[in-house]
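Enquirer: pasting the sequence and the predicted model now:
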Amino acid sequence: MALSFQLSMIAPTDEVWSVTQLVTATKRLVEGGFMPVWIRGEVVGCKAWSSGHWYFSLRDRQTQVKCCMWSRYNQGMGDPPKDGTEVFVLARPGIYEAKGEFQLGVTRMIPTAAIGAAQRELERVKEVLHREGLTDPARKRPIPELVSTVAVVTSTDGAALRDIITVVGKRWPCCRLMVVNARVQGDGAVRALVRALELVSRIPDVELCIVGRGGGGREDLAAFNSEAVCRALAAVRVPTISAVGHETDISLTDLVADVRAPTPSAAAEMAVADRREVLRLLDDLGARLAGGLGNRTRLGAERLARTADRLQGAVEGLLRRERHRADRLGAQLDALSPLRILDRGYAVPVDPDGSVLKRRADFRPGAPFRLRVADGDVGARVEPE
Amino acid sequence: MSIAQDLNRLEEIVRRLEADDVELDAALALFEEGVARLRAARERLASAEVKVQTVLEEAGDLRLTDLDG
């Protein structure tokens, strides 16, 4: 018996979807619903295609999901992981439209064993730095206040450098940035960073050094946890700011540097003053300078007036003292006057020339002389012997 | 002479001028120097664009190159 019915009996024909419509809508739903997420699982059946893309499944005890990792994301990772390798992947769930299949687009993959090893190495380096005092807060140097020349150790291709130039350009454009280019991730990053940091100490006039990079995955920041880079940073002859990744990332260079900045932009803000504030400070100093001089000249005038008063006082005092002295001397002079002595009954013999006769020999027998007494003189003669 | 040095000296000059115990001609000399420092610092701050140079080591020597943009 032929079963025949009309479609319109179960649903209106305009509500029937094509497969493509369904897959497209599902794709939109799934891909719009997820940000990239970290997923832990076991790799199964990983196959590298000639294009370089990897296809595999990620599974746990209950289920599994298909994954692909484009060649540009797996570059430098070596051979595809073996079956059973436990990994963390950063992936975005999606729908492979041609097959209508749910799959993960993997952008990063880290074997869990590597994380363990990396963590152990991190702890070891931290311990060494701590033991040698390189992370000691007492070692931290202050950031100089108004810098003219700042060294920046980072990749010249990175966002970090652009951010730093932008912030410094806005706040403190009178500054000179000396950029020492260095690989900040992958092979050779440690060596490049060490060399760049060594170079900083040789650049003339540098007052401060920023070392850092923009955000990235954990292994992208690995060079900033290396012992060699930390030692090179500690040896830089000027104060240092470490700015690695985002706010939540802490690297060992952050502990060794004199200051840790949460981001490269924040490092630039810490490194340089705001021009407007310094201009305000200059205005203030200019006003105080003028006020200081005004104050000084007023004081000068006051002092001059005071000096004149004191001079006059001194002269008057001097005159007064001199007058007293003259009076006193006059009185003494008076007391010593021979006339006063004659008053008391003494007489002075003088010869006709007026010379005083003081000794026997001065009196020749029969010679006339005069005796001066208080009110005049009288004639006299030496008796013959 | 850097801006920092200019500012430090300026602050010292102002402090001394405000301290009352400077001779008048010394005060005038300080004032003149202060004005010069003030002008120098302002001129330095007026610089419009941050100068960016890359530093390379070549055969043991440093080579500086202006960075574009």
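Expert: It's in. Nothing here was measured: the structure is a model prediction, and the numbers come from that model.
Enquirer: helix/strand/coil for the residue nearest to B:Glu18 when sequence neighbours are not counted?
Expert: Once flanking residues are discounted, B:Glu18 sits nearest to A:Gly292: 4.8 Å by C-beta to C-beta, 6 or more residues apart in numbering or on different chains. Backbone N, C-alpha and C define where each C-beta goes, glycine included. Assigned with DSSP: H, G, I helix; E, B strand; the rest coil, A:Gly292 falls in the helix class.
Enquirer: was I right about A:Ala182 contacting A:Ala196?
Expert: Yes - using C-beta atoms under 8 Å, A:Ala182 makes contact with A:Ala196 at a distance of 3.9 Å.
Enquirer: returning to what we had before: burial of the residue nearest to B:Glu18, as a residue count?
Expert: 24 (other C-beta atoms under 10 Å in any protein chain shown).
Enquirer: and A:Val184, which of the three is it?
Expert: Going by three-state DSSP: A:Val184 is coil.
Enquirer: enumerate every residue touching it.
Expert: A:Val184 is in contact with A:154-155, A:158, A:192-193, A:213, A:220, A:223-224, counting by C-beta atoms under 8 Å, 6 or more residues apart in numbering or on different chains.
Enquirer: one more: A:Asn225?
Expert: A:121-122, A:125, A:251-253.
Enquirer: what does A:Pro262 give?
Expert: So A:Pro262 contacts A:243, A:246-247 (C-beta under 8 Å, 6+ apart).
Enquirer: name the nearest of these relative to chain B.
Expert: Nearest to chain B out of these is A:Ala243 (C-beta to the nearest C-beta; 17.1 Å).
Enquirer: same question for the helix or strand in which that closest one is found, mean pLDDT?
Expert: Element membership for A:Ala243 (DSSP states H and E) is strand A:240-244. The average pLDDT within strand A:240-244 is 96.
Enquirer: and that strand, what does it pack against?
Expert: strand A:208-213, helix A:252-256, strand A:259-260, helix A:264-271 (3 or more C-beta pairs under 8 Å, 6 or more residues apart in numbering or on different chains; DSSP states H and E).
Enquirer: what do you get if the cut-off is 7 Å, keeping everything else the same?
Expert: strand A:208-213, helix A:252-256, helix A:264-271 (3 or more C-beta pairs under 7 Å, 6 or more residues apart in numbering or on different chains; DSSP states H and E).
Enquirer: what is the burial count for A:Leu244?
Expert: One thing to correct before we go on: residue A:244 is Val, not Leu. Residues within reach of A:Val244, counting by other C-beta under 10 Å, total 31.
Enquirer: show me the beta-bridge partners of it.
Expert: The partner list for A:Val244 in beta bridges (DSSP bridges) reads A:Arg213.
Enquirer: now for it: which residues touch it?
Expert: Contact partners of A:Val244, counting by C-beta atoms under 7 Å, 6 or more residues apart in numbering or on different chains, are A:212-213, A:221, A:224, A:251, A:253-254.
Enquirer: for A:Thr149, same thing?
Expert: Here A:Thr149 is in contact with A:176, A:178, A:205-207 (criterion: C-beta under 7 Å, 6+ apart).
Enquirer: most neighbours among those residues, which one?
Expert: A:Met178 (24 neighbours).
Enquirer: need the contact partners of stretch A:268-286.
Expert: A:143, A:145-147, A:150, A:163-164, A:167-168, A:171-173, A:175, A:208, A:210, A:241, A:259, A:261, B:10-11, B:14, B:38, B:41-42, B:45.
Enquirer: 6 Å - rerun?
Expert: Stretch A:268-286 is touched from outside by A:146, A:150, A:164, A:167-168, A:171-172, A:175, A:208, A:210, A:261, B:10, B:14, B:38, B:41, B:45, with contacts defined as C-beta atoms under 6 Å, 6 or more residues apart in numbering or on different chains.
Enquirer: now stretch A:82-97
Expert: For stretch A:82-97, contacts defined as C-beta under 6 Å, 6+ apart pick out A:23, A:26-27, A:30-31, A:34, A:36, A:38-40, A:42-44, A:103-112.
Enquirer: buried stuff in stretch A:23-39?
Expert: A:23, A:27, A:39 (16 or more other C-beta atoms under 10 Å in any protein chain shown).
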